[in-house]
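Engineer: Predicted model follows, preceded by the sequence.
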Amino acid sequence: MPASYTETEPLRDNVTESGYVSGSSSDDTPPEIALTRPHLRFLNRQLQFLEAQDILRWCITTLPNLYQTTAFGPSGLVILDILSKLNVPRPQIVDIIFLDTLHHFPETLALVDKIRERYPHVTIHIYKPADVDTDEEFAKMHGPRLWETDDGLYDFTAKVEPARRAYRELNANAVITGRRRSQGGKRGELDILEVDETGLIKINPLANWTFDQVRQYIKANNVPYNELLDRGYKSVGDSHSTQPVAENEDERSGRWKGQRKTECGIHNPLSKYAQFLIDQERKRQEEALSQAIESQLAIDLS
């Protein structure tokens with residue numbers, strides 16, 4: 001179950017909006033892990049001085065129902081490799097959650113097979129958008145190029161909902177992510193340990209690392225990586241919204257180039273999706289009203 005804060009200093013406000021991140025739903029059973037705000041601050045003060053290996057060792061020996069969530073970007077690959085080499089008192093393999101949006105590059109999907117071969121003891125749980133298995137089925141159900149016509153709905157359908165479903169079905173308490181402060185944007189003030197509005201614990205063991213450190217680790221340890229990295233892609237997402245970047249550009253500047261967005265929604269606050277739902281309902285009502293007016297005008301003119 002996700003974590004929660006104790007009643008002495010609750011994480012959530014008295015009124016919490018539902019929605020726009022991966023995690024539990026109102027139908028889930030109560031959380032099992034409780035953290036107070038002072039405890040969270042204390043843990044972050046301690047963890048920020050530890051090496052990534054020690055942070056991951058702490059996770060494995062402390063947090064039950066722990067998973068790694070990754071699209072097999074450079075940071076996620078480093079974490080996977082470190083985990084595979086840890087010597088801990090209570091050995092535990094951390095399973096992977098991979099969100100197959102049905103719009104990944106072929107190189108990304110080919111990498112999944114390489115990862116299975118290199119790390120055979122790690123289970124990869126693949127979650128796709130609900131009720132579809134191919135990009136053709138996705139387009140038939142949601143319309144062509146949904147990421148252009150309604151990028152908020154695309155993010156929710158292809159990423160957020162599958163992530164929430166994965167955490168719920170796998171009973172995840174905590175997830176390890178590859179986010180780093182050096183990636184910029186909202187990640188610039190990233191903590192090692194977070195608890196989102198759903199109570200899900202998120203651990204960012206490479207928060208202090210730079211892209212060069214990640215790249216050096218991959219090379220030194222012969223870690224399989226996405227071939228697109230050799231073609232100027234420092235951050236790889238969906239094929240329709242990812243471009244290569246120049247040497248002097250920010251690492252994630254090739255994601256959603258020309259747009260203001262920097263996150264796909266999985267790590268956005270709950271209120272973002274709540275507002276999205278409100279906007280969708282308002283749009284639906286406006287369209288219904290417009291159609292009703294047009295119908296009435298047609299009757300009056302007939």
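Structural biologist: Alright, I've got the coordinates. Residues are numbered from 1 along each chain as shown.
Engineer: going forward, measure contacts between C-alpha atoms and count neighbours the same way
Structural biologist: OK.
Engineer: which residues in this structure form helices?
Structural biologist: 37-47, 52-62, 74-85, 106-118, 135-142, 146-149, 151-155, 161-169, 211-220, 270-301 (DSSP state H).
Engineer: Where does the prediction get shaky in the stretch 101-250 of the chain?
Structural biologist: For the stretch 101-250 of the chain, the stretches flagged by pLDDT under 70 are 184-188, 246, 248-250.
Engineer: burial count for Glu169?
Structural biologist: For Glu169, the number of neighbouring residues by other Cα atoms under 10 Å comes to 10.
Engineer: With Leu35 instead?
Structural biologist: Using other Cα under 10 Å, Leu35 has 19 other residues around it.
Engineer: what do you get for Asp100?
Structural biologist: Counted with other Cα under 10 Å, the burial measure for Asp100 works out to 21 neighbours.
Engineer: And for Glu194?
Structural biologist: Neighbours of Glu194 (other Cα under 10 Å): 17.
Engineer: these two touch, right, it and Pro205?
Structural biologist: No. Applying Cα atoms under 8 Å, one finds Glu194 not in contact with Pro205, separated by 11.2 Å.
Engineer: Tell me how far Gly73 lies from Leu301.
Structural biologist: Gly73 sits at a distance of 60 Å from Leu301 (criterion: Cα to Cα, to the nearest Å).
Engineer: neighbour-wise, which of the two wins?
Structural biologist: Neighbour comparison, Gly73 and Leu301: the larger count goes to Gly73, with 18 against 6 (by other Cα under 10 Å).
Engineer: Please tell me how far that one sits from Thr210.
Structural biologist: For Gly73, the distance to Thr210 equals 14 Å [Cα to Cα].
Engineer: who are the neighbours in contact with Thr70?
Structural biologist: Contacts of Thr70 were listed using Cα atoms under 8 Å, 6 or more residues apart in numbering, and they are Gly76, Ile96, Ile97, Phe98, Leu99, Thr177, Gly178.
Engineer: just those residues now: which is nearest Thr123?
Structural biologist: The shortest separation between Thr123 and any of the contacts of Thr70 is 6.2 Å, and it belongs to Ile96 (by Cα to Cα).
Engineer: ok, the closest one - contacts?
Structural biologist: Contacts were defined as Cα under 8 Å, 6+ apart; by that measure Ile96 touches Tyr67, Gln68, Thr69, Thr70, Val122, Thr123, Ile124, His125.
Engineer: Just grab the bridge partners of the closest residue to the fifth one other than its chain neighbours for me.
Structural biologist: Just to be clear, that refers to Val122. The spatial neighbour of Val122 that comes closest, neighbours along the chain excluded (Cα to Cα, 6 or more residues apart in numbering), is Asp95 at 5.7 Å. Beta-bridge partners of Asp95, counted by DSSP bridges, are Tyr67.
Engineer: Report how many residues lie close to Asp95.
Structural biologist: If you count neighbours by other Cα under 10 Å, Asp95 ends up with 18.
Engineer: residues contacting it?
Structural biologist: Under the criterion of Cα under 8 Å, 6+ apart, the neighbours of Asp95 are Leu66, Tyr67, Gln68, Val122, Thr123, Ile124, His125.
Engineer: out of those, who's nearest Asn87?
Structural biologist: Taking these together and measuring to Asn87 by Cα to Cα, the closest member is Val122, at 15.6 Å.
Engineer: my guess is that closest one meets Val94, correct?
Structural biologist: Yes. Val122 is within contact range of Val94, at 7.0 Å (criterion: Cα under 8 Å).
Engineer: Which one of the two is surrounded by more residues?
Structural biologist: Here Val122 and Val94 are compared on neighbour count by other Cα under 10 Å; more neighbours surround Val94, at 21 against 16.
Engineer: Now do the more buried one against Leu77, distance only.
Structural biologist: Using Cα to Cα, Val94 is found at 13 Å from Leu77.
Engineer: Next: Gln291.
Structural biologist: In this structure, Gln291 and Leu77 are 51 Å apart, going by Cα to Cα.
Engineer: Same check on Thr123?
Structural biologist: When Thr123 is compared with Leu77 (using Cα to Cα), they lie 14 Å apart.
Engineer: Which of these two has more residues huddled nearby?
Structural biologist: Counted by other Cα under 10 Å, Thr123 and Leu77 do not tie: Leu77 has more neighbours, with 22 against 13.
Engineer: wait, doesn't that one sit right on Val223?
Structural biologist: Yes. When contacts are counted by Cα under 8 Å, Leu77 is listed as touching Val223 (7.2 Å).
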